[in-house]
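**Q** Attaching a predicted model along with its sequence, questions to come.
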Amino acid sequence: MGEHVLAAVRTGPGKTELRDLPMPEIPDDGALLKVEVAGICGTDVKMYAKPPFPEPVIMGHENVGVIVKAGRRFAQRTGADEGDRVFVEHYVPCFQCEWCHRGEYRHCEATDWRTNPDARRYGYTSAENPYHLWGGFAQYMFLPWNAVVHKVPDTVSPELAGIVTPLSNGIEWALFDGGVGYNSTVLIQGPGQQGLSQVVACKQAGASVIIVTGTTRDAARLHLAKTLGADYVIDVQTEDALERVMAVTGGKGVDVVLDCTAGAGVAPVLLGIDALKRRAGTLLIQGELASFPDFPVKKVTEKAITIKSARGHSYRSCELALAQLASNRFPLELLATHTFGLADVDRAIRAVGGEGDEGVIHVSLLPWATDAP
């Protein structure tokens, strides 16, 4: 093992440079991960363009790799030891607060960079903090005693395990937050990696009708949605989406609306409210809208709609995502469309943002790759 680690470090808005960083000393309650895959999602695109916290930062919060060094106490606490391939959640919780005791460590103050300037979270934490390897866009990553790790089944490849984050989000939002279950009717808005993951989650849960909306440029993704189990797809630019939803459901509307159109404005939320059934439907939204003038509160209350926000994943949803990948029931490898080497971090992030490369759904960064595709 070398004395230095090659890492792609964000040095400013839209700027990355490769740096050789010193290999940290690993304490008895810590470990060192050799990163095999670091996934890239829409959050990375936003944080790359407008970083919410000071540089330098090693991005990368969807990380899979092999533990190459594990302290005795780390192995005892986590059950993961040298040689194990693991998926590492981006949350680094305290395991002492009320939320952690509830098992809801995604709400822990120790990992919430929005309210805690000293928070630890993979892909978000300054490389100037102790151990400095706090992101997956590097050949190695430091694991503290409170890292949350999941063993990857032997039958699941590193690149396939790289989609655990969007898949676990899809399970969390659709099944646990949205309440999708047997015979549910569901409208999924947006066929990105989160929306397509929700198609799989809803199909696995026994939903009777799954409808996915997208735009004309999403034609390939909408086709993939059908491959993964969607019953109907709608191009909102060529069809009246509400009219089609009502026709498909016999005028009843759907039980659950899952809005994965982050940044698309108020139109998807309004469509979701109208497309829900007459009483007691559930609308799950992402927090991209800073304001919503003339929000139809009257219609929401008359229809007794429950609105929930999408907020990360839980330990249980990550375990279910890994089990889903190991089952080979769905061709989930179709979501992993592009790979890039460490020298091409900038291109990889921009590809997810819609610049350059075409047909992008989920991008995997391979820190040990020597050549760009």
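**A** Received, thanks.
**Q** Can you list the buried residues in stretch 105-117?
**A** Using 16 or more other CB atoms under 10 Å as the test for burial, stretch 105-117 gives 105-108, 110-112. The way it works is simple: take the backbone N, C-alpha and C, and place the C-beta from them, glycine included.
**Q** could those go into CSV alongside distance to Gly178 and pLDDT?
**A** Formatted as CSV, the buried residues of stretch 105-117 follow (distance: CB to CB, whole Å; pLDDT from 0 to 100):
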residue, distance to Gly178, pLDDT
Tyr105, 21, 95
Arg106, 17, 94
His107, 19, 94
Cys108, 23, 96
Ala110, 28, 95
Thr111, 24, 95
Asp112, 23, 93
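**Q** Return the set of buried residues in stretch 239-253.
**A** 241-242, 244-246, 248-249, 253.
**Q** Same question for stretch 189-205.
**A** Buried-residue list, stretch 189-205, by 16+ other CB under 10 Å: 189-205.
**Q** try stretch 177-184
**A** 177-180, 184.
**Q** Return the closest of the residues you listed with respect to His223.
**A** Closest approach to His223 among the buried residues of stretch 177-184 (CB to CB): Val180, at 22.4 Å.
**Q** returning to that earlier point: now, which of the buried residues of stretch 189-205 lie within helices?
**A** 193-205 (DSSP state H).
**Q** Now do the helix or strand bottoming out on mean pLDDT in the chain: distance to the chain's middle.
**A** The least trusted helix or strand in the chain, going by mean pLDDT, DSSP states H and E, turns out to be helix 42-49, with a mean of 92. Taking CA atoms, centre = their mean, to the nearest Å, one finds helix 42-49 lying 13 Å from the centre of the chain it belongs to.
**Q** Do a quick rundown of the helices in the stretch 201-350 of the chain.
**A** Using DSSP state H, counting those that start in this stretch, the helices of the stretch 201-350 of the chain run over residues 219-228, 241-248, 267-275, 297-302, 315-327, 345-352.
**Q** can you state the direction angle for the fifth one and helix 193-205?
**A** It refers to helix 315-327. Here the directions of helix 315-327 and helix 193-205 differ by 80 degrees (axes from the mean of the first three to the mean of the last three CA atoms, to 10 degrees).
**Q** ditto for the third one
**A** Following the same axes, to 10 degrees, one obtains 30 degrees for the angle between helix 267-275 and helix 193-205.
**Q** Can you list the buried residues in helix 267-275?
**A** 268-275.
**Q** repeat for the longest one
**A** Of the residues in helix 315-327, those buried under the neighbour-count criterion (16+ other CB under 10 Å) are 315, 317-322, 324-325.
**Q** Check the model's average confidence along it for me.
**A** In this model, helix 315-327 carries a mean pLDDT of 97.
**Q** Which strands or helices does it pack on?
**A** Secondary structure elements in contact with helix 315-327, counted by 3 or more CB pairs under 8 Å, 6 or more residues apart in numbering; DSSP states H and E, are strand 149-151, helix 158-161, helix 164-171.
**Q** give me that answer again for 10 Å
**A** Packing partners of helix 315-327 (3 or more CB pairs under 10 Å, 6 or more residues apart in numbering; DSSP states H and E): strand 85-88, strand 149-151, helix 158-161, helix 164-171, helix 193-205.
**Q** What mean pLDDT does the last one get?
**A** Taken as a whole, helix 193-205 has a mean pLDDT of 96.
**Q** Put the alpha carbons of stretch 354-364 into PDB.
**A** Listed next in PDB are the C-alpha coordinates belonging to stretch 354-364 (Å, rounded to 0.1, in the frame of the first residue of the first chain):
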ATOM      1  CA  GLY A 354     -27.000  16.700 -19.200                       C
ATOM      2  CA  GLU A 355     -23.800  18.100 -20.800                       C
ATOM      3  CA  GLY A 356     -21.900  16.100 -23.400                       C
ATOM      4  CA  ASP A 357     -22.500  12.400 -23.100                       C
ATOM      5  CA  GLU A 358     -25.900  11.100 -24.100                       C
ATOM      6  CA  GLY A 359     -28.100   8.400 -22.700                       C
ATOM      7  CA  VAL A 360     -26.900   9.000 -19.100                       C
ATOM      8  CA  ILE A 361     -28.900   7.500 -16.200                       C
ATOM      9  CA  HIS A 362     -26.500   6.500 -13.500                       C
ATOM     10  CA  VAL A 363     -22.700   7.300 -13.700                       C
ATOM     11  CA  SER A 364     -20.000   5.300 -11.900                       C
END
